[in-house]
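>>> need the 3D shape of this:
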Amino acid sequence: MDFPPGHLAANPLPPGIVGALGLAGYQLLVDLAGVGAGRLGSHVFLLVAPEPDPALPDAGTQLVLHQPHLRDEREVASFTQLAAQLGYLRLSGYRLALERSGLRSKVAVVNPATGAIVAAVPDKHPGRLFGGGLSARRLLDGVRALPPAGPPPDTQDPELMRQVLLALALRDESIGGAQAAELADRAVALLGENRALDPPAALEQARRAP
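Residues are numbered from 1 along each chain as shown. Below you'll find the model as predicted:
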């Protein structure tokens, strides 16, 4: 697994953002497969770690989206869900390609089987990179329809499955981070007891458990 749990907690923000805003009161809301959402007061961020490349120096965590003035707490949920969905796509086989633009970066979801950039906004902007003023909610609506790029994640790897289950749990905006983590832990235990379950079924059973 290229991005173990806690990757973004250890590499939280790009240097320019740290210098501009500081880290006092910073919260990392979700950290999945090198993709995360963070919050600092009225600011909310989408953060992505680049794909490992031995031929290039480590570019560090990059800022993809930044909403400086939250108007509604639902915007925080959209950033959290978008981070979880991008992390899930990465776990399911997609590659996230980053293109630096000043302090921010653009990210494209790439199907490694074809090398094609998958459109964030279906039909209207084929191949368009994330960014460009699009809202987290609109981007989320675009990436949720994407099918897995490869075979299902290995259910024999408990930590990988926990990240997959956490991403699936965070699709529900009524579930907070702590509750999603508890559901993921219970679902991992259920998968260990019954190998015939797939991750969504295990998560549903965990929801129903007392």
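>>> tell me how this protein divides into domains.
When the chain is parsed into structural domains using automatic domain parsing, the resulting residue ranges are 7-143, 158-208.
>>> got the contact list for Glu173?
For Glu173, the contacting residues are 74, 77-78, 81, by CB atoms under 8 Å, 6 or more residues apart in numbering. The C-beta positions use only the backbone N, C-alpha and C, and glycine is treated the same way.
>>> give me the pLDDT for it.
For Glu173, the model assigns a pLDDT of 74.
>>> check the gap between it and Leu96 for me.
Between Glu173 and Leu96 the computed distance is 23 Å (CB to CB, to the nearest Å).
>>> if we can go back for a sec, lowest-confidence one in the contacts of Glu173?
The member of the contacts of Glu173 with the lowest pLDDT is Arg74, at 76.
>>> quick check: which ranges of this structure have low pLDDT?
Flagging of the chain using pLDDT under 70 yields the residue ranges 1, 15-23, 56-59, 101-104, 117-135, 148-155, 210.
>>> what segments of it are strands?
All strands of the chain, identified by DSSP state E, fall at 27-32, 35-40, 43-48, 62-67, 95-101, 104-111, 116-118.
>>> format those strands as JSON lines; extra columns: mean neighbour count and distance to Ala201.
Shown next, in JSON lines, are the strands of the chain (neighbours: other CB atoms under 10 Å; distance: least, CB to CB, whole Å):
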{"stretch": "strand 27-32", "mean neighbour count": "21", "distance to Ala201": "20"}
{"stretch": "strand 35-40", "mean neighbour count": "25", "distance to Ala201": "25"}
{"stretch": "strand 43-48", "mean neighbour count": "24", "distance to Ala201": "30"}
{"stretch": "strand 62-67", "mean neighbour count": "21", "distance to Ala201": "32"}
{"stretch": "strand 95-101", "mean neighbour count": "15", "distance to Ala201": "28"}
{"stretch": "strand 104-111", "mean neighbour count": "20", "distance to Ala201": "26"}
{"stretch": "strand 116-118", "mean neighbour count": "17", "distance to Ala201": "27"}
